[in-house]
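1. Kindly return the folded structure for what I paste below:
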Amino acid sequence: MLSATRIFHADTAAVTVVSETKEITDWALRYFGGWWNATTVHAPVPDTGSMTTDGALLLADVDSKRLADIETLVGDYDHDEVDYANARTLVARHEDGAIYAIQPAERLAYHYEPAAGRLVVVGAHAETVAVAASRLARELVRGQLLRAGFHILHASCVVRDGRAVLTFGPKGAGKTTTALLLAREGYELLANDRVFIRPEPEGLRILPWPAAAAIGFGLLESMGLYERLRARVLDGEQMHPTQDQRVTDALHAGSTTPIWNIKGKELKAQLFPDQLSSLLNTGLATHAHAAALLHPQVDKKAEPHLADMPCALTEEDFFTRRTEDRYPDILRLAPTEAAPVTDLTDRLAQLPRRSLVLNHNSRTSADFLAETATGLLSE
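-> Got it, this is the predicted structure:
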């Protein structure tokens, strides 16, 4: 029996996820329900040719035969090899416009028909397919929003009374820390790593980018959240499947010692959006208008203070075809030409902003952030 989850995003984008496996559509409902408008709907029947769904259609299921067929199609044609969502991916583009891709280690396969706006995701295991389907549903929405003039910023974002505070900086600068600390101070969380943004007559409109939130043990402990999260894990609560088993084992053992992979990257707890909201006891903002910018850096030995550091945005603050590091557009879901960024950068430059230094004391950093953000929003 077919089930379906319908995702509407800001009256601008729409995707329907359809599956014979309810776990897959339930996953999309959970993943997008807090930040985007996701609801269970009556499932259309793809095989009848009577599809009336607006927007894109994503069909996802556990289907070993279809998986093998696509693996053969990719293998029989010239194909490219890329890294997509941290997985080796082989992509073949056929003369009729269809695009096929496989991720051998994950036992996943994709088939996209651009003319029909239909994407198929099949695999060997329901959870793996559910993760991939939700990721690709987001990519379909991304393509529609980019066509509608939105851009993607590498920034975290919190909201108060519809006004957004965006935080910029390179990896490790404190974007996620800033967002989580302000969320504990009464702000709604809109994003922990990237946002959609579009210049409009009434302001710079911001929309969330749903994603799992990666939080290190040190930050969890300093915010007093480690034991709360551990209790939930010990109770059997499911964490996001991208979480490394070593992190799960450490939570079971009660260890807060940071864990590193062979590349020197810290392995962190991975939370669903709804888990993040409930753990922080804050709402998830669905939209806002940009009002202020923060540019933090973390110095564990310093007292929190305003700093004389550059505040100008750079190319690295925008996710484009050139700078996208995790989700290259392997299925060509996005437009080939992006909307000009000149107006956006000019208008962002007019917003009040502060550079600041935070430390590892969450309480003092949170107090300083709240004071700074309040001041910025009053300008």
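
2. Strands of the stretch 251-379 of the chain, start to end?
-> 259-260, 266-267, 269-271, 288-298, 305-306, 353-358 (DSSP state E, counting those that start in this stretch).

3. ditto for the stretch 1-150 of the chain
-> Taking DSSP E, counting those that start in this stretch, the strands of the stretch 1-150 of the chain run over residues 3-9, 13-19, 37-41, 56-62, 80-84, 87-93, 99-103, 108-113, 118-123.

4. Can I get those strands in JSON lines including mean pLDDT, mean neighbour count and distance to His360?
-> For the C-beta atoms, the positions are set from N, CA and C on the backbone; glycine is no exception. Below are the strands of the stretch 1-150 of the chain laid out as JSON lines (pLDDT from 0 to 100; neighbours: other CB atoms under 10 Å; distance: least, CB to CB, whole Å):
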{"stretch": "strand 3-9", "mean pLDDT": "75", "mean neighbour count": "24", "distance to His360": "36"}
{"stretch": "strand 13-19", "mean pLDDT": "89", "mean neighbour count": "25", "distance to His360": "39"}
{"stretch": "strand 37-41", "mean pLDDT": "84", "mean neighbour count": "16", "distance to His360": "37"}
{"stretch": "strand 56-62", "mean pLDDT": "93", "mean neighbour count": "24", "distance to His360": "42"}
{"stretch": "strand 80-84", "mean pLDDT": "94", "mean neighbour count": "13", "distance to His360": "33"}
{"stretch": "strand 87-93", "mean pLDDT": "95", "mean neighbour count": "18", "distance to His360": "33"}
{"stretch": "strand 99-103", "mean pLDDT": "97", "mean neighbour count": "22", "distance to His360": "38"}
{"stretch": "strand 108-113", "mean pLDDT": "96", "mean neighbour count": "23", "distance to His360": "39"}
{"stretch": "strand 118-123", "mean pLDDT": "95", "mean neighbour count": "24", "distance to His360": "41"}
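
5. and Glu237, which of those strands is closest to it?
-> With respect to Glu237, and counting by CB to CB, the nearest of the strands of the stretch 1-150 of the chain is strand 37-41 at 20.7 Å.

6. among the strands of the stretch 1-150 of the chain, which is nearest Ala288?
-> strand 3-9 (14.3 Å).

7. Run through who's touching that closest one.
-> Residues from elsewhere that reach strand 3-9 (CB atoms under 8 Å, 6 or more residues apart in numbering): 13-22, 25-26, 28-29, 32, 36-44, 137, 141, 144-145, 207.

8. shaky segments in the chain?
-> 1, 8-11, 43-54 (pLDDT under 70).

9. Can you pull up the most central residue in it?
-> Centroid-nearest residue in the chain: Ala211, 2.9 Å away (criterion: CA atoms, centre = their mean).

10. quick one, phi psi at the residue lying closest to that one once chain neighbours are set aside?
-> Distance criterion CB to CB, 6 or more residues apart in numbering; nearest residue to Ala211, sequence neighbours excluded, is Asp193 at 6.4 Å. Summarising the backbone geometry of Asp193 under the convention degrees, to the nearest 10, its torsions are phi -150, psi -30.

11. how about Asp193, what does it touch?
-> Contacts of Asp193 were listed using CB under 8 Å, 6+ apart, and they are His154, Ala155, Ser156, Lys175, Thr176, Trp209, Ala211.

12. same thing but at 10 Å, please
-> For Asp193, the contacting residues are 153-157, 171, 175-176, 179, 209, 211-214, 319, 326, taking CB atoms under 10 Å, 6 or more residues apart in numbering as the criterion.

13. Tell me which of those residues fall in helices.
-> Taking DSSP state H as the definition of helices, the contacts of Asp193 contribute Lys175, Thr176, Ala179.

14. before we move on, back to that, make TSV from the strands of the stretch 1-150 of the chain and add distance to Gly224 to it.
-> TSV is the format used below for those (distance: least, CB to CB, whole Å):
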stretch	distance to Gly224
strand 3-9	34
strand 13-19	36
strand 37-41	31
strand 56-62	38
strand 80-84	36
strand 87-93	35
strand 99-103	38
strand 108-113	38
strand 118-123	39
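
15. For Gly254, find the nearest of those strands.
-> Evaluated over the strands of the stretch 1-150 of the chain, closeness to Gly254 peaks at strand 87-93, with 31.2 Å, by CB to CB.

16. packing partners for that closest one?
-> For strand 87-93, the packing partners by 3 or more CB pairs under 10 Å, 6 or more residues apart in numbering; DSSP states H and E come out as helix 64-76, strand 80-84, strand 99-103, strand 108-113.

17. hmm, back to that, quick one: closest of the strands of the stretch 251-379 of the chain to Ala183.
-> When the strands of the stretch 251-379 of the chain are compared by CB to CB, strand 269-271 sits nearest Ala183, at 12.6 Å.
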